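Student: heads up, no residue letters with this:
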């Protein structure tokens, strides 16, 4: 069964500020980013994604690659159900756990444990479920006594552990990760990867957006290459990364 | 992510033919059997599908799921209060204290200006100020609730009305803290409203639900037009002086339309009169009830039309 199905998905952002003509012209010819166009009301809008058709089954670990502004984060947000697309249709089956910006939903003055509880609540866990797993998460994060200290005393890597611990404990069918995964130290990444793989073995889907080839190679078994909001290629990891690098080299 | 609906039969949501129009749907299939746990146990499965249901039912879903998720929004509301006063000794009782200063100061000055007996004026003023704090802050903070939670809204799919509910709840907690002052005042001046005070309970529900639609409506507008939150602030500030909070409506001869045409007067009055042991004027009850119905219809219409755009406007 397809856990994720996108058919002809497009996302347009209407830009309400700064619609100076010359600026528009400049941007229209820019090399990176989505395409800019105008609608009937002469509003500027960015075509962040267009014509994306894709389906993912259980066990798929998809890496999103592409230049800056190619639409990787937008696509993740579409999968998370945050941006409901302006064209086409999205269908995602199961619990979605997004990990985009770890600092969001974190209260820096609250303790690690409090923040675990808060994040878990946002991700849809009940109080009782949280009470049951909070020690397990604490153990996974390896933060020990730090969990009783305010989170503002944590380093970026420690924050990542916290967020990742919660995200992978919540019953999740679809895990979405944005770039920041590279923040974690190697040892933790291995552990996180194991945990992430155990997700996949429980027949779940993971989607990672990253610029880092090693991260993609390590975590993914499929790659989707986005170019200016359009699907440039989709398939096997080695194959697509080779094509992608080839194009990068031509451009350079 | 809790935007769900239970579908009784097995086969899940079959995608319909794709229409060019943008639509949305969320469904819960009750078809996945968990083999491990109790045999035959049905696991709820969430399907997020932008394909089959009208915007109106999606908006209704959002409102029902958002407002009914008490554990979540009450937790967020409490957390907000704790966060504000985390490193202060008195904590949320700073709210109580600053309100007490306000009541004392205004009470002495305006009691003298209006030549009113302090035993009559102070309870009236105290209650009015506490209720106004609740009403005005719910509106002002509710109006910017989407804008302030941009990061969260763009990251985790929650019913948007969850954020409205937690904002209102936060102000209910503040109201609870401030109530302590009135208890002191009422004890000093020996005010006993009797059973009449029970009218406060239905009034509280009606007013809170009114504040919810106002907050939702303004939150939508403020997200699209950032000037609206500034307009809201100055209008609410003006309303404090126009609404009978620190002056009694009996001081205004003629021009009763300025009092009786003011929705905020009626919202304050249905809450204030029962506690002071006075009967609530019927026209106030009628006003807040009609306002509740008309307001929710307007708010719902707007929400159904623009709900899916809100994340894009942030």
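Tutor: Thanks, I have it. Just so it is clear, the structure is predicted and the values come from calculations on it, not from any experiment.
Student: what does stretch A:129-136 rub up against?
Tutor: A:113, A:116-117, A:120-121, A:125, A:169 (CB atoms under 8 Å, 6 or more residues apart in numbering or on different chains). C-beta: built from backbone N, CA, C; applies to glycine.
Student: mind listing what's buried in that stretch?
Tutor: Across stretch A:129-136, burial judged by 16 or more other CB atoms under 10 Å in any protein chain shown covers A:130, A:133-134.
Student: try stretch B:265-280
Tutor: Across stretch B:265-280, burial judged by 16+ other CB under 10 Å covers B:265-276, B:280.
Student: where do the strands sit along the chain?
Tutor: Let's take chain A. All strands of chain A, identified by DSSP state E, fall at A:2-15, A:35-38, A:44-57, A:61-65, A:87-93, A:96-99, A:174-177, A:205-209, A:222-227, A:230-235.
Student: actually chain B
Tutor: Per DSSP E, chain B carries strands over the ranges B:6-7, B:24-33, B:42-53.
Student: now for the chain, the helix or strand with the poorest mean pLDDT.
Tutor: Defaulting to chain A. Ranked by mean pLDDT, DSSP states H and E, the weakest helix or strand in chain A is helix A:21-28, scoring a mean of 50.
Student: look at chain B instead
Tutor: One helix or strand of chain B scores below all others by mean pLDDT, DSSP H and E: strand B:24-33, with a mean of 34.
Student: what pLDDT, on average, does stretch A:172-184 get?
Tutor: In this model, stretch A:172-184 carries a mean pLDDT of 71.
Student: residues from the stretch 51-200 of chain B in reach of chain A?
Tutor: Residues of the stretch 51-200 of chain B lying close to chain A (CB under 8 Å from any CB of the partner chain) are B:51, B:71-72, B:75-76, B:79, B:82-83, B:86-87, B:151-158.
Student: filter the residues you listed to the buried ones?
Tutor: The neighbour count (16+ other CB under 10 Å) marks B:51, B:72, B:75-76, B:79, B:82, B:152-158 as buried among these.
Student: let me see the contact set for the residue in the stretch 151-252 of chain A that chain B sits nearest to.
Tutor: Residue nearest to chain B within the stretch 151-252 of chain A: residue A:173 (8.2 Å; CB to the nearest CB). By CB under 8 Å, 6+ apart, residue A:173 lies in contact with A:3, A:93-96, A:204-205.
Student: near chain B, which residues of chain A?
Tutor: Residues of chain A that fall close to chain B, judged by CB under 8 Å from any CB: A:5, A:7-8, A:13-14, A:16, A:77, A:80-96, A:98, A:100-101, A:103-105, A:107, A:109-110, A:118, A:121-124, A:126-127.
Student: quick check: which ranges of the chain have low pLDDT?
Tutor: Using chain A. For chain A, residues meeting the criterion pLDDT under 70 lie at A:17-43, A:105, A:180-193, A:195-203, A:251-252.
Student: my question was about chain B
Tutor: Where chain B drops to pLDDT under 70, the residues are B:1-46, B:52.
Student: 80 instead?
Tutor: For chain B, applying pLDDT under 80 flags the ranges B:1-53, B:86-87, B:89-92, B:251-256.
Student: show me where it has helices.
Tutor: Taking DSSP state H as the test, the helices found in chain B are B:55-68, B:70-84, B:93-113, B:118-143, B:145-148, B:150-153, B:161-188, B:200-224, B:227-242, B:257-260, B:263-276, B:282-306, B:310-313.
Student: now the angle between helix B:263-276 and the fourth one, please.
Tutor: Spelled out, it's helix B:118-143. Put simply, helix B:118-143 runs at 130 degrees to helix B:263-276, going by axes from the mean of the first three to the mean of the last three CA atoms, to 10 degrees.
Student: redo the strands of chain A as a markdown table? Include mean neighbour count.
Tutor: Output for these, formatted as a markdown table (neighbours: other CB atoms under 10 Å in any protein chain shown):
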| stretch | mean neighbour count |
| --- | --- |
| strand A:2-15 | 19 |
| strand A:35-38 | 15 |
| strand A:44-57 | 20 |
| strand A:61-65 | 25 |
| strand A:87-93 | 23 |
| strand A:96-99 | 26 |
| strand A:174-177 | 25 |
| strand A:205-209 | 26 |
| strand A:222-227 | 21 |
| strand A:230-235 | 16 |
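Student: do I have it right that residue A:228 meets residue A:68?
Tutor: No. Counting by CB atoms under 8 Å, residue A:228 does not reach residue A:68; the two are 10.8 Å apart.
Student: when the two are compared, which one has more neighbours?
Tutor: Taking other CB atoms under 10 Å in any protein chain shown, residue A:228 and residue A:68 do not tie; residue A:228 has more neighbours (20 against 8).
Student: for residue A:66, see how far away the more buried one is.
Tutor: Separation of residue A:228 from residue A:66 (CB to CB, to the nearest Å): 8 Å.
Student: for residue A:78, same thing?
Tutor: Between residue A:78 and residue A:66 the computed distance is 15 Å (CB to CB).
Student: cool, residue A:131 as well?
Tutor: Here residue A:131 is placed at a distance of 42 Å from residue A:66 (CB to CB).
Student: now swap in residue A:111 and tell me
Tutor: Noted for residue A:111: a distance of 39 Å to residue A:66, by CB to CB.
Student: okay, these two: which has more neighbours?
Tutor: Using other CB under 10 Å as the criterion, residue A:111 and residue A:66 rank with residue A:66 on top: 22 against 16.
Student: can you redo the buried ones among the residues of the stretch 51-200 of chain B next to chain A as a markdown table with distance to residue B:247?
Tutor: Shown next, in a markdown table, are these (distance: CB to CB, whole Å):
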| residue | distance to residue B:247 |
| --- | --- |
| B:51 | 56 |
| B:72 | 40 |
| B:75 | 39 |
| B:76 | 37 |
| B:79 | 37 |
| B:82 | 36 |
| B:152 | 41 |
| B:153 | 41 |
| B:154 | 45 |
| B:155 | 47 |
| B:156 | 46 |
| B:157 | 47 |
| B:158 | 42 |
